[in-house]
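Novice: quick one, structure for this:
(chains A, B, C and D)
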4 protein chains.
Amino acid sequence: MAFHELVSLCTTINLRPRYSETDKMGIVYHANYLIWFHEARDAMLEVLGIDICAAEVYGYKFPVTESYVRYRLPAHYGEDVIVSAVPVIEDGQTNSVAKLRVRYRVQSAKTRQMLVEGETVNVITDSEGKLLLRLPLCFKPLASRLDAACKQDFKV
Amino acid sequence: MAFHELVSLCTTINLRPRYSETDKMGIVYHANYLIWFHEARDAMLEVLGIDICAAEVYGYKFPVTESYVRYRLPAHYGEDVIVSAVPVIEDGQTNSVAKLRVRYRVQSAKTRQMLVEGETVNVITDSEGKLLLRLPLCFKPLASRLDAACKQDFKV
Amino acid sequence: MAFHELVSLCTTINLRPRYSETDKMGIVYHANYLIWFHEARDAMLEVLGIDICAAEVYGYKFPVTESYVRYRLPAHYGEDVIVSAVPVIEDGQTNSVAKLRVRYRVQSAKTRQMLVEGETVNVITDSEGKLLLRLPLCFKPLASRLDAACKQDFKV
Amino acid sequence: MAFHELVSLCTTINLRPRYSETDKMGIVYHANYLIWFHEARDAMLEVLGIDICAAEVYGYKFPVTESYVRYRLPAHYGEDVIVSAVPVIEDGQTNSVAKLRVRYRVQSAKTRQMLVEGETVNVITDSEGKLLLRLPLCFKPLASRLDAACKQDFKV
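Specialist: Reported below is the predicted structural model:
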């Protein structure tokens, strides 16, 4: 199964590591990268026209069902980073499916050195946590933007 | 205005500082003591017959409106602590008021040295966040236990 | 004892509440405001020419010894805030003392409504945690900036 | 490449989800499971005779280099969980290598339902973060315990 990054939808945020995010090794504690991924995913969704707050008011939830992180080099307090999020599609996936795979990269803002990479999968559920198989209306912009990006990035 | 601790209702929990709770100074990050206070308060409320989850199902909220912390000595990873929570009443306060003041102490489990002290105030609100002036039914056990403790501790 | 804000040194940061910072009440968890205060204090110190990382390399530590928070209204995910930090001096305090009192305000970025207020005290210690009575060299800019601000703000 | 769990070294801890660990979806925020994994790993290492604090005093670090989490069902405030950690060895791996792979399971304490599963990889580095290829003395008990468990669990 092959995965493709929709690079035209890549969104980048700048982050300043917080003192509270460090641990006694003197580096950013490893669980915090999932929080930074979340921030980058939110920024990406905002660009794609998705408003998580509005979706939650309708009773939809958007939980993470899978996460993978590869920690190459630690981020440090005092050294700004950039975090990018890019949607990933599987070969043969229709974008009407209520599932979103995103790939992340954390790089030093100064040197652009790769620090951390990762991936998450989110699904959309109703208020009881039941998996939705089709995208609800408030997530439709996501599907159309992913479709358009597929066509643009891969000329399909 | 004088405050009195209802020592007969003092509840104590044992905590092992987590690696994730440390910072690059090598000590427990200062915001985490509020989380430890919360754990001790929850344990105390459980003893007093209050079920926060049940209260939330009824739409009640129990937010913190004030916190004070005095950091004397740092807690460290690898050194267990005990955290105590004790309700505090003001002179002339009727315990039917939807407000709870709690005092906390964090001590080294080994040496009993005082590390951190603090205090919080919680109020009870409805689902819209509107302050309740009277205790709802599911918080009544709290009032009667506080009353009984007042009588016992201060012979009033 | 009277306290005065050195308003000419007030520093403000913009923050977007993180999903990870919310709790099951649907609001920003109360301990996180201390982290936001820390971010605002760091920004203020940077403006004042203090580099905490450099100071830590010399073995100095800058722990919080006291914190007070008054939670008026909750911050929410999806609603940006501004956090301000302003140094506070006591009557008769000489700014060469290794102690810093800072006052904070968290306001809605949109409505400017006051959400949370607070105060912290930091001290400077050596690597063993022993309190310094005099400011080390790398903190001197702080003293001179506080002095200058005192003269400017209060015409003394 | 095949992985085997050293089930005889499986260590289990009981955890009470904290209010601070929930998010506005009303469930435990997904990054916190990495913290729970860390707690279970620490408990496992303690049983195996490894003292992380002591190792850090010698200048060794034990950073996570990889993490994977599969979120099946959410953990909730008010519902205790058990978290297990078990070392995993690869076919052909010699246990003298300065690398530790651990697998985790988070289950409901009441129903034993599987909530979350995951895996992490840790390596041992010197104080500069340089990867150690051989285990330092203070980690030797780990190697011998893993060796013994291999022999016991797989009769090799």
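Novice: please enumerate the helices of chain A.
Specialist: A:32-47, A:52-57, A:140-154 (DSSP state H).
Novice: what's near enough to touch the residue lying farthest from the centre of chain A?
Specialist: Distance from the C-alpha centroid of chain A peaks at A:Lys24, with 27.9 Å (CA atoms, centre = their mean). For A:Lys24, the contacting residues are B:Tyr19, B:Thr22, B:Asp23, B:Lys24, B:Gly26, B:Ile27, B:Tyr77, D:Glu56, by CB atoms under 8 Å, 6 or more residues apart in numbering or on different chains. Glycine gets a C-beta too; all of them are placed from N, C-alpha and C.
Novice: what sits up against stretch A:61-70?
Specialist: A:30, A:33-34, A:37, A:52, A:55-56, A:116-127, A:129, D:25, D:27, D:30, D:65-72, D:74.
Novice: which parts of it are buried?
Specialist: Within stretch A:61-70, the residues that count as buried by 16 or more other CB atoms under 10 Å in any protein chain shown are A:Lys61, A:Phe62, A:Pro63, A:Val64, A:Thr65, A:Glu66, A:Ser67, A:Tyr68, A:Val69.
Novice: again, but for stretch A:76-95
Specialist: Neighbour-count burial for stretch A:76-95 flags A:76-77, A:79, A:81-89, A:93, A:95 (criterion: 16+ other CB under 10 Å).
Novice: got the confidence number for the residue nearest in space to the middle of chain A?
Specialist: By CA atoms, centre = their mean, chain A has its centre lying nearest to A:Arg41, at 3.4 Å. A:Arg41 is assigned 98 on the pLDDT scale.
Novice: verify the stated contact: it with A:Val102.
Specialist: Yes. Using CB atoms under 8 Å, A:Arg41 is in contact with A:Val102, at 5.4 Å.
Novice: and the gap between the residue nearest to A:Pro141 when sequence neighbours are not counted and A:Leu135?
Specialist: In space, and not counting its chain neighbours, A:Pro141 is closest to A:Gly49: 3.8 Å by CB to CB, 6 or more residues apart in numbering or on different chains. According to CB to CB, to the nearest Å, A:Gly49 stands 13 Å off from A:Leu135.
Novice: please apply the same query to A:Glu66.
Specialist: Between A:Glu66 and A:Leu135 the distance, using CB to CB, works out to 19 Å.
Novice: could you do A:Ile13 as well?
Specialist: From A:Ile13 to A:Leu135 the distance is 25 Å (CB to CB).
Novice: which bits of chain A sit near chain D?
Specialist: A:24-25, A:27, A:30-32, A:34-35, A:38, A:56, A:61, A:63-72, A:74, A:129 (CB under 8 Å from any CB of the partner chain).
Novice: among the residues you listed, which are in strands?
Specialist: The strands, defined by DSSP state E, take in A:Val64, A:Thr65, A:Glu66, A:Ser67, A:Tyr68, A:Val69, A:Arg70, A:Tyr71 from those.
Novice: so which of the residues you listed is the closest to B:Gln107?
Specialist: Nearest to B:Gln107 among these: A:Tyr71, at 35.5 Å, using CB to CB.
Novice: got the contact list for that closest one?
Specialist: Applying CB under 8 Å, 6+ apart, the residues near A:Tyr71 are A:His30, A:Tyr33, A:Leu115, A:Val116, D:Pro63, D:Val64, D:Thr65, D:Glu66, D:Ser67.
Novice: below-threshold pLDDT in chain A: ranges please.
Specialist: Residue ranges of chain A with pLDDT under 70: A:1, A:95-96, A:155-156.
Novice: so which bits of it are right by chain B?
Specialist: So chain A meets chain B at A:Tyr19, A:Ser20, A:Thr22, A:Asp23, A:Lys24, A:Gly26, A:Ile27, A:Tyr29, A:Ala31, A:Tyr77 (CB under 8 Å from any CB).
Novice: which members of the contacts of A:Lys24 are the farthest-apart pair?
Specialist: Spatially, the most separated pair among the contacts of A:Lys24 is B:Asp23 and D:Glu56, at 14.5 Å (CB to CB).
Novice: what about those two, which has more around it?
Specialist: The neighbour count for B:Asp23 versus D:Glu56, taken as other CB atoms under 10 Å in any protein chain shown, is higher for B:Asp23 (24 against 18).
Novice: ok, the more buried one touching A:Gly26?
Specialist: No. Using CB under 8 Å, B:Asp23 is not in contact with A:Gly26; the gap is 9.2 Å.
Novice: please verify my assumption that A:Ile52 contacts A:Ala43.
Specialist: No. Using CB under 8 Å, A:Ile52 is not in contact with A:Ala43, being 11.4 Å away.
Novice: of these two, which one has the most company?
Specialist: Set side by side, A:Ile52 and A:Ala43 show more neighbours around A:Ile52, with 20 against 17, by other CB under 10 Å.
Novice: ok, now how distant is the more buried one from chain B?
Specialist: Plainly put, A:Ile52 is 21 Å away from chain B if you go by CB to the nearest CB, to the nearest Å.
Novice: OK, contacts around A:Ile50?
Specialist: Going by CB under 8 Å, 6+ apart, A:Ile50 touches A:Cys138, A:Phe139, A:Pro141, A:Leu142.
Novice: now these in JSON lines, with neighbour count?
Specialist: What follows is the contacts of A:Ile50, written out as JSON lines (neighbours: other CB atoms under 10 Å in any protein chain shown):
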{"residue": "A:Cys138", "neighbour count": "18"}
{"residue": "A:Phe139", "neighbour count": "24"}
{"residue": "A:Pro141", "neighbour count": "15"}
{"residue": "A:Leu142", "neighbour count": "21"}
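Novice: in CSV: these, plus distance to C:Asp153.
Specialist: Shown next, in CSV, are those (distance: CB to CB, whole Å):
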residue, distance to C:Asp153
A:Cys138, 50
A:Phe139, 52
A:Pro141, 50
A:Leu142, 51
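Novice: pick the one among those residues closest to A:Phe3.
Specialist: Distances from A:Phe3 to the contacts of A:Ile50, taken by CB to CB, are shortest for A:Leu142, at 17.5 Å.
Novice: about what we covered before: list residues touching both of A:Gly49 and A:Leu135?
Specialist: A:Leu142.
Novice: neighbour count winner among these two?
Specialist: Ranked by neighbour count (other CB under 10 Å), A:Gly49 and A:Leu135 place A:Leu135 first, with 20 against 13.
Novice: surely that one and A:Thr94 touch.
Specialist: No. In terms of CB under 8 Å, A:Leu135 does not count as a neighbour of A:Thr94; the distance is 10.1 Å.
Novice: closest to chain C out of the residues of chain A next to chain B?
Specialist: Each of the residues of chain A next to chain B was checked against chain C using CB to the nearest CB; the closest is A:Ser20, at 4.5 Å.
Novice: and the closest residue in space to that closest one that isn't next to it in sequence, how close does it get to A:Pro74?
Specialist: Nearest residue to A:Ser20 in three dimensions, chain neighbours excluded: C:Ile35, at 4.5 Å (CB to CB, 6+ apart). Distance, C:Ile35 to A:Pro74, by CB to CB: 20 Å.
Novice: now do A:Leu100
Specialist: 28 Å.
Novice: what does A:Ala2 give?
Specialist: 31 Å.
Novice: between these two, who's got more neighbours?
Specialist: The residue with more neighbours, out of A:Ala2 and A:Pro74, is A:Pro74; 20 against 7, by other CB under 10 Å.
Novice: ok, that one touching A:Val28?
Specialist: Yes. Using CB under 8 Å, A:Pro74 is in contact with A:Val28, at 6.1 Å.
Novice: so who does A:His76 touch?
Specialist: A:Pro17, A:Thr22, A:Gly26, A:Ile27, A:Val28.
Novice: quick one: the fourth one from B:His38, how far?
Specialist: Between A:Ile27 and B:His38 the distance is 27 Å, computed by CB to CB.
Novice: for A:Leu133, which non-adjacent residue is closest in space?
Specialist: A:Ala98 (6.3 Å).
Novice: burial of the one you found, as a residue count?
Specialist: When neighbours are counted by other CB under 10 Å, A:Ala98 comes out with 19.
Novice: wait, it sits on A:Ile124?
Specialist: Yes. Judged on CB under 8 Å, A:Ala98 makes contact with A:Ile124 at a distance of 4.0 Å.
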